[in-house]
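Asks: Next input, structure requested:
(one chain, ligands or ions: 1)
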Amino acid sequence: MTSLDYINNKFDVIVVGAGHAGCEAAISAARLGCNVLLCTLNVDNIALQPCNPAIGGPAKSTLVREIDALGGVMGEVADATYIQMKTLNSSKGPAVRALRAQSDKKEYTRYMRNIIENTDNIWVKQTCITDIKVKDGQIIGAVDEYGLEYICRAIILTTGTSLEGKMYVGLQAYSGGRLGERAAIGLSQSLREHGIVTKKLKTGTPARVDKRTIDYSKMTVQPGDDKLSFYSFKPNRPVRQQYPCYLTRTNEETHSIIRANLDKSPMYQGLIHGVGPRYCPSIEDKIVRFASNPSHHIFIEPEGLNTYEVYIQGFSTSLPACVQVEMLRSLPGLEKAHIIKPAYAVEYDYVPAVQTLHSLMSKDIKGLFFAGQINGTSGYEEAAAQGLVAGINSVNYINGSEPLELSRASSYTGTLIDDLVTKDIQEPYRMLTSRSEYRLLLRQDNADERLTEIGHKIGLIDDAQYQRFLDKQENIQKEIVRLQETKLPATGGVNEVLAKYGEHIENGIRLGEFLKRPNITYDVFKEVDERVSLEEKMSENLSQDIIDEVEVKVKYNGYIKRQLEQVETSEKLEKYRIPANIDYSKIKHISTETKEKLEKIRPTNLAQASRIGGVKPADISVLMVMLGK
Ligand SMILES: Cc1cc2nc3c(=O)[nH]c(=O)nc-3n(C[C@H](O)[C@H](O)[C@H](O)COP(=O)(O)OP(=O)(O)OC[C@H]3O[C@@H](n4cnc5c(N)ncnc54)[C@H](O)[C@@H]3O)c2cc1C
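Replies: Okay, here's the model as predicted:
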């Protein structure tokens, strides 16, 4: 196709939705040479954060680093627009350490829009896509609300909470996908007419309050980190001024108000049937489910530098607006709170992802891809990771190349997609470290080691960034060897430093061995250096990210080796491919229930089959024999 095909409404790829999934999908497909039409209900809401104005947190931060390592943009945008950076769980193990960037919400959308507008081959359009066009099981185009027809070879649906969206403030219901944006009507019906099953999910968001009506002196201040970390592996990330968040707590009065008004909740009145996010429950859910808990943390987070709006994290609700005022004003520091935007819940259509392949393409309609909340996930980072994979695979599909299928051992992105397509998820899926069996291998610090090679091969990581990556890996290896070879002497000065950490050495000890001790970090070597001569120097002048990675690799070497062995075992099962046309009904010695599950998911290999809920090791043995292996 040529870049002038837009005149005839002809595109390689149509991306429906310019949220976190849609932006990554459109940018990656365009950078890989495709002509992309990017449709959205409102161009001023590109990459909007309709819930908390923050990127990252446990497991999610690893997804952002993975996106960056593969050549996506979320990390770069979060780095450029943060108003606070914080590493969570910094005193805990490396598998759960997580970066979190509080964003300036408006700047975030502006920055992303700027990237999109400066990417060749992306054509942005404000319209609602209402129909997909399919011929001989293959996508050929789409139709919008004005009846305009578009020709394309692939479509990526990233519709978020918009499909048939219905918002609730108390028992009042409105059509809409998120506050201030209409619902997308028509597309769900079109999907169903093409045999795609849709179901309902629900999510919710708290009120936004005017910061001038908050008494912060009654709250605990939550500052950002002094020692800054960033998402992107690219150099020269911007150092910006940071702003604090605050912490307050619910109390008995808050809980009584909520309990007294549960009859006004659309959830408790049965108006909403969709399942909500288990890991981001509404405040009324928390009060009911954890009735014995006398108080819940509530974080007060700025939405940006040029706005009075602040986000009340942990206080999501669908109770009526008048009750919301009462609830909020019972919190210390919020006694005079003025609500700018009410909290609300939204129920929307999603497409259970058991209908898609690991490439995120539909099993039944070639060229139709799904990414983000439409696949049943919740969260910006989960959406962006899928968007990137769908964008790359739409190009692979058009070019007739092998799809990018990331394994569980390679990434949280691979784990997320495998869970979605294998586990028939019935509630909003959020990435958690506990979802990975290899979480010590899948850390935020080594996302580049796991994925940069792939990003470079695909063509989204340029040569300069790839060379920086290779140099970093070389320096890490060199330092590990140096630690194995260099001895820490047991001189008086050294033991004086070690005594501060409850340590003592009689004889010299190799640095690598010594670093394995729980209280010892690389910083101790730097301290020792202040006591010894230059020739006896124990530390090297390395960047913090290299030090962090070296420390983890040395300290957790034994665990890492064990997880690598597990990966090897699982990879053996992955090699047993299951033919797409297998007839499960004809297989003996497997229960009818298991056959139905296998038929529904249609796993591509034995490893995936073994992860389907209810499929037993004995079933895998039967399949193995049947496959003649
Ligand atoms: C009320 C609310 C509460 C939330 N709560 C949480 C939470 O607690 N925790 C959490 O992690 N996440 C939460 N989220 C979810 C988070 O916002 C999403 O997970 C994330 O934004 C999903 O990204 P996405 O790209 O899939 O969709 P979105 O970011 O929602 O983007 C969807 C895009 O699709 C466009 N679109 C939709 N249909 C059409 C169509 N037919 N034609 C053209 N354009 C279309 C929209 O205009 C929009 O640009 C919440 C979202 C909302 C709205």
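Asks: What mean pLDDT does the biggest helix by length in the chain get?
Replies: As assigned by DSSP state H, the longest helix anywhere in the chain is helix 463-485. Average pLDDT, helix 463-485: 96.
Asks: Likewise for stretch 29-42?
Replies: On average, stretch 29-42 scores 98.
Asks: repeat for stretch 525-537
Replies: So the average pLDDT for stretch 525-537 ends up being 77.
Asks: Can you name the residues of the stretch 451-600 of the chain that neighbour the ligand?
Replies: Nowhere does the stretch 451-600 of the chain come near the ligand, counting by C-beta under 6 Å from any ligand atom. The way it works is simple: take the backbone N, C-alpha and C, and place the C-beta from them, glycine included.
Asks: What ranges does the stretch 451-600 of the chain have for its strands?
Replies: Secondary structure of the stretch 451-600 of the chain (DSSP state E, counting those that start in this stretch): strands located at 487-488, 509-510.
Asks: among these, which gets the worst mean confidence?
Replies: Looking at the strands of the stretch 451-600 of the chain, the lowest mean pLDDT belongs to strand 487-488 (a mean of 86).
Asks: elements contacting that strand?
Replies: strand 509-510, helix 511-515 (3 or more C-beta pairs under 8 Å, 6 or more residues apart in numbering; DSSP states H and E).
Asks: Now the closest residue to Y6 other than its chain neighbours: which helix or strand?
Replies: Distances taken as C-beta to C-beta, 6 or more residues apart in numbering place W123 nearest to Y6, at 5.0 Å, with adjacent residues excluded. If you go by DSSP states H and E, W123 is part of strand 122-126.
Asks: just I83 next, same as before
Replies: strand 82-88.
Asks: How about R278?
Replies: Per DSSP H and E, R278 falls between elements, in no helix or strand.
Asks: Surely it and E427 touch.
Replies: Yes: at 5.8 Å, R278 and E427 qualify as touching, with contact defined as C-beta atoms under 8 Å.
Asks: List of residues touching stretch 390-406?
Replies: Here stretch 390-406 makes contact (C-beta atoms under 8 Å, 6 or more residues apart in numbering) with 12-13, 15, 21, 24-29, 32-34, 70, 153-154, 156, 158, 357-361, 366-367, 369-371, 389, 413-414, 417, 454, 458, 460.
Asks: ugh, typo on my part, it should be stretch 431-442
Replies: Here stretch 431-442 has contacts from 58-60, 62-63, 93-96, 279, 379, 381-382, 408-409, 411-412, 415-416, 419, 450, 556, 559-560, 563-564, 566-567, using C-beta under 8 Å, 6+ apart.
Asks: quick one: stretch 65-83 near the ligand?
Replies: No: Stretch 65-83 lies out of reach of the ligand by C-beta under 6 Å from any ligand atom, never closer than 10.8 Å.
Asks: Show me what counts as buried in that stretch.
Replies: Using 16 or more other C-beta atoms under 10 Å as the test for burial, stretch 65-83 gives 65-83.
Asks: picking up where we left off before, how deep is the residue nearest to Y6 tucked in, by neighbour count?
Replies: 17 (other C-beta atoms under 10 Å).
Asks: In contact with it, which residues?
Replies: With the criterion set at C-beta under 8 Å, 6+ apart, W123 makes contact with 6, 11, 35-38.
Asks: again, 10 Å this time
Replies: Contacts for W123 (C-beta atoms under 10 Å, 6 or more residues apart in numbering) come out as 3, 5-6, 9, 11, 14, 26, 30, 35-39.
Asks: now it, which residues is it bridged with?
Replies: Note on W123: beta-bridge partners L37, judged by DSSP bridges.
Asks: Spatially nearest residue to the residue of the stretch 351-500 of the chain found nearest the ligand, not counting backbone neighbours?
Replies: Closest approach between the stretch 351-500 of the chain and the ligand, counting by C-beta to the nearest ligand atom: G372, at 2.3 Å. Nearest residue to G372 in three dimensions, chain neighbours excluded: A21, at 3.0 Å (C-beta to C-beta, 6+ apart).
Asks: and the one you found, what element?
Replies: Element membership of A21 [criterion: DSSP H and E] is helix 20-31.
Asks: Buried residues, that helix. List them.
Replies: Quick answer for helix 20-31 (16+ other C-beta under 10 Å): 20-31.
Asks: residues in this structure within reach of the ligand, list them.
Replies: For the chain, the residues in contact with the ligand (C-beta under 6 Å from any ligand atom) are 16-22, 39-42, 45, 50-51, 128-129, 158-162, 178, 184, 187, 203-205, 277, 280, 346, 372-373, 378-380, 383, 430.
Asks: re earlier: for the helix or strand that comes right after the strand holding W123, name the packing helices and strands.
Replies: Moving toward the C-terminus from strand 122-126, the next helix or strand (DSSP H and E) is strand 129-135. The elements that strand 129-135 packs onto, with contact taken as 3 or more C-beta pairs under 10 Å, 6 or more residues apart in numbering; DSSP states H and E, are strand 13-16, strand 36-40, strand 138-144, strand 149-151, strand 154-157, helix 187-193.
Asks: what separates I300 from the ligand, distance-wise?
Replies: Taking C-beta to the nearest ligand atom, to the nearest Å as the measure, I300 falls 16 Å from the ligand.
Asks: With just CA atoms, put the helix or strand harbouring that residue into CSV.
Replies: Per DSSP H and E: I300 is located in strand 297-302. Taking Å, rounded to 0.1, in the frame of the first residue of the first chain, the C-alpha atoms of strand 297-302 are listed here in CSV:
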residue,chain,number,x,y,z
HIS,A,297,-5.9,3.2,53.6
ILE,A,298,-6.9,6.0,51.2
PHE,A,299,-4.3,7.7,49.1
ILE,A,300,-4.7,11.2,47.9
GLU,A,301,-3.0,11.6,44.5
PRO,A,302,-2.6,14.7,42.3
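Asks: still on that earlier bit, quick one: which of the buried residues of stretch 65-83 sit in helices?
Replies: Judged by DSSP H, the subset of these located in helices is 65-70, 74-80.
Asks: Grab the nearest non-local neighbour of L247.
Replies: Spatial nearest neighbour of L247, excluding adjacent residues (C-beta to C-beta, 6+ apart): T220 at 4.3 Å.
Asks: what sits against the one you found?
Replies: Here T220 is in contact with 244-249, 297, 299, 333 (C-beta under 10 Å, 6+ apart).
Asks: and those residues, which are buried?
Replies: Neighbour counting with 16+ other C-beta under 10 Å marks 244-246, 248-249, 299, 333 as buried within the contacts of T220.
Asks: what about the strands in the stretch 201-350 of the chain?
Replies: Under DSSP E, counting those that start in this stretch, the stretch 201-350 of the chain gives strands at 208-210, 220-222, 245-249, 297-302, 309-313, 339-341, 344-350.
Asks: who's in contact with the fourth one?
Replies: Outside strand 297-302, the residues that touch it by C-beta under 10 Å, 6+ apart are 52-54, 83-84, 102-105, 206, 209, 211, 214, 216, 219-220, 222, 243-250, 254, 283, 308-315, 328, 331-334.
Asks: Give me the sheet partners of that strand and which way each runs.
Replies: strand 245-249 (antiparallel), strand 309-313 (antiparallel).
Asks: and the residue in the stretch 201-350 of the chain that the ligand sits nearest to, how many neighbours does it have?
Replies: The nearest approach of the stretch 201-350 of the chain to the ligand comes at C280, 3.4 Å away (C-beta to the nearest ligand atom). Using other C-beta under 10 Å, C280 has 19 neighbouring residues.
Asks: quick one: least confident helix or strand in the protein?
Replies: Every helix and strand of the chain was ranked by mean pLDDT, DSSP states H and E. The lowest is helix 492-499, at a mean of 82.
Asks: just checking, what packs against that helix?
Replies: Using 3+ C-beta pairs under 10 Å, 6+ apart, the elements in contact with helix 492-499 are helix 522-529.
Asks: Got the domain ranges for this protein?
Replies: Following automatic domain parsing, one gets these domains for the chain: 10-203+348-458, 208-344, 463-559, 575-626.
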